[in-house]
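**Q** can't give you the sequence, but here's the structure:
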């Protein structure tokens, strides 16, 4: 099975769960920005977590299928369609050979994830297929997809023939009659509330900056990317000028450089950082940040470590239950 890129879109890369265990060598983790959408999209087509998927940023992407194949699309709604018919998200979809899948208007979120049953046949680098753009390793030749690229896939884990009583036929594709409930991703212009813990250098900032962090609104700037979300808003300043020794940073760390405008570190973040860290985004809200577009408004809300841990553990339990339910539904075929 293979697919060929007809239109490359803004930024489409192959990503998986990330490149773990190499940060001490200066190798970034990379991986899917929205880990929830990544895990669910693989499960919907019978794949395990390590399989690479397409991370599609914004719109304009189109691929042609050269054989029948089960796929699933999760994450932001970028209006996927075949021959003008919208393709349902958050469920398995059997796309027929010769059809072109297009991603067009952005409705909610800004990143969609597409998996094929069996997974894409790409090499691993340091235990991961994730694309590390700056080092040009992983994924498809270490770069974003471009027009004419052809991706191959492993044998499907789902049968390509199934009882019609479980499927709806739309001509160019068939879908199952059930779906996973989508995450509540924000639409363009909607405000997002992001929960944070106090960072290691929180007390080094002046009182006005502390109040502004949790009381004022920030805006995602166009300079945001997979490495970090740069925000525009009230200036955040230290009480006294101070130099910091570079130290490890984490997914969701909120750093404040000299210009006083915070940066939320994301999947392609550096391994070390020397800017003061005013806050740390709770893991439960990382997927939400990953779906924010430039111009989106953010308000930060403080959360305790205990509450953040409880929310995350509840999320993990719900995710495991959901994965079990998906497996049971797939066995019906």
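**A** Perfect, I can see it now. Since the structure is predicted, the reported quantities are computational estimates derived from the model, not experimental observations.
**Q** Name the residues of stretch 227-234 that are buried.
**A** Residues of stretch 227-234 classed as buried by neighbour count (16 or more other C-beta atoms under 10 Å): 227, 228, 229, 230, 231, 233, 234. Just so you know, the C-beta spots here come from the backbone N, C-alpha and C atoms, and that holds for glycine as well.
**Q** For that stretch, the averaged confidence score.
**A** Taken as a whole, stretch 227-234 has a mean pLDDT of 97.
**Q** what residues does it touch?
**A** The contact list for stretch 227-234 (C-beta atoms under 8 Å, 6 or more residues apart in numbering) reads 209, 212, 216-221, 223-224, 255, 261-270, 289, 292, 298.
**Q** Narrow the buried residues of stretch 227-234 to those in helices?
**A** Per DSSP state H, helices hold no members of those.
**Q** Can you tell me which of these is nearest residue 275?
**A** Nearest to residue 275 among those is residue 228, at 10.7 Å by C-beta to C-beta.
**Q** What distance do you get for that closest one to residue 318?
**A** 28 Å (C-beta to C-beta, to the nearest Å).
**Q** what does the domain assignment say about the chain?
**A** 2-183, 191-302 (automatic domain parsing).
**Q** Would you convert those domains into JSON lines that also reports distance to residue 332?
**A** Below are the domains of the chain laid out as JSON lines (distance: least, C-beta to C-beta, whole Å):
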{"stretch": "domain 2-183", "distance to residue 332": "6"}
{"stretch": "domain 191-302", "distance to residue 332": "29"}
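**Q** Check those for me: which has the lowest mean pLDDT.
**A** domain 2-183 (a mean of 92).
**Q** That domain spans what distance, first to last residue?
**A** 30 Å (C-alpha to C-alpha, to the nearest Å).
**Q** if we can go back for a sec, looking at the domains of the chain, spot the one closest to residue 328.
**A** domain 2-183 (10.7 Å).
**Q** give me the number of residues near residue 237?
**A** Using other C-beta atoms under 10 Å, residue 237 has 16 neighbouring residues.
**Q** who's in contact with it?
**A** Residues near residue 237 by C-beta under 8 Å, 6+ apart: 205, 206, 208, 209, 260.
**Q** Name only those of those that count as buried.
**A** 205, 209.
**Q** which one among the contacts of residue 237 gets closest to residue 145?
**A** residue 260 (37.1 Å).
**Q** which residues touch that closest one?
**A** Per C-beta under 8 Å, 6+ apart, neighbours of residue 260: 235, 236, 237.
**Q** on that earlier part again, now, which of the contacts of stretch 227-234 lie within helices?
**A** 209, 212, 289.
**Q** Redo the residues you listed as TSV? Include distance to residue 325.
**A** Shown next, in TSV, are the ones in helices among the contacts of stretch 227-234 (distance: C-beta to C-beta, whole Å):
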residue	distance to residue 325
209	45
212	43
289	27
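**Q** Between those, which sits nearest residue 110?
**A** Nearest to residue 110 among these, counting by C-beta to C-beta, is residue 289 at 10.7 Å.
**Q** before we move on, the earlier item: any chance of the buried residues of stretch 227-234 in CSV, plus distance to residue 330?
**A** Output for the buried residues of stretch 227-234, formatted as CSV (distance: C-beta to C-beta, whole Å):
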residue, distance to residue 330
227, 36
228, 37
229, 35
230, 41
231, 41
233, 45
234, 49
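**Q** Which one of the residues you listed is nearest to residue 274?
**A** When the buried residues of stretch 227-234 are compared against residue 274 (criterion: C-beta to C-beta), the nearest one is residue 228, at 14.2 Å.
**Q** That closest one and residue 28: what is the separation?
**A** 12 Å.
**Q** which neighbours do the two share?
**A** With C-beta under 8 Å, 6+ apart as the test, residue 228 and residue 28 both reach residue 269.
**Q** For residue 253, list the residues it contacts.
**A** Applying C-beta under 8 Å, 6+ apart, the residues near residue 253 are 199, 264, 265, 269, 273, 277, 280, 281.
**Q** in the sheet, who's paired with it?
**A** For residue 253, the beta-bridge partners under DSSP bridges are residue 280.
**Q** tell me which element residue 316 falls in.
**A** Residue 316 belongs to helix 305-330 when elements are defined using DSSP states H and E.
**Q** packing partners for that helix?
**A** helix 35-44, strand 191-198 (3 or more C-beta pairs under 8 Å, 6 or more residues apart in numbering; DSSP states H and E).
**Q** If you count neighbours, what's buried in that helix?
**A** 308, 311, 322, 323, 326, 329, 330.
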